[in-house]
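> Predicted model and sequence below, questions to follow.
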Amino acid sequence: YSAPTSNEQQKIHELTKLLDEKQLSCEELLEEKEKLYKKSLKAVLVDLDCLKDQLARVSASAQRYSFQLDQAEELILQKQEAFQDVNATYMELQNMFEIERASSQQLRNKVNGLQEELDVERTQLIERID
């Protein structure tokens, strides 16, 4: 084995220096990638927190709207029941009105009949007097 020459030693020194630089460059690159990864991860976590907040707000709104919808449906049912009651009352009043109209017509007919009898009796009485 022969000892390296000064030229070879210089090449070895340069190659070692280049390797050290490359290793340093790789370590710096790795550190930079790690920083970017951490930054990206923080951004994703912030976005996730924002999305959680939005989801909570949307969920709260959905609960409010659901409650309001339930109230509206209950009110509609109450109004329908009230309408049915009013409609039933109207139908009863309509029937009563028809009965009263029929009774009124019967009374009118009876009065007209009595008026005719009275007119006949009056005419007969006038004829007797004359």
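Sure thing, it's come through.

> Please name the residues that touch Ser104.
With contact set as C-beta atoms under 8 Å, 6 or more residues apart in numbering, Ser104 has no partners. C-beta: built from backbone N, CA, C; applies to glycine.

> so where does Lys22 fall, helix or strand?
helix 6-129 (DSSP states H and E).

> What spatial separation is found between the most centrally placed residue in the chain and Leu51?
Centrality entry for the chain: nearest residue to the mean C-alpha point is Tyr65, 5.4 Å, by C-alpha atoms, centre = their mean. With distances taken as C-beta to C-beta, to the nearest Å, Tyr65 is found 20 Å from Leu51.

> Low-confidence ranges, this structure, go.
Applying pLDDT under 70 to the chain flags the ranges 1, 24.

> Mind doing that once more with 90?
Along the chain, segments meeting pLDDT under 90 span 1-33, 35-37, 127-130.

> what about Asp70, how many neighbours?
By other C-beta atoms under 10 Å, the residues close to Asp70 number 10.

> How about Ile129?
For Ile129, using other C-beta under 10 Å, the count is 6.

> before we move on, what about Glu100?
A count of nearby residues for Glu100, using other C-beta under 10 Å, gives 10.

> same thing with Gln80?
10.

> mind listing what it touches?
Contacts for Gln80 (C-beta under 8 Å, 6+ apart) come out as none.

> SS state for Pro4?
Following DSSP: H, G, I helix; E, B strand; the rest coil, we place Pro4 in the coil state.

> measure Glu14 to Asn7 for me?
Distance of Glu14 to Asn7, given as C-beta to C-beta: 11 Å.

> Ok, Glu32 next?
37 Å.

> Repeat that for Lys17.
From Lys17 to Asn7 the distance is 16 Å (C-beta to C-beta).
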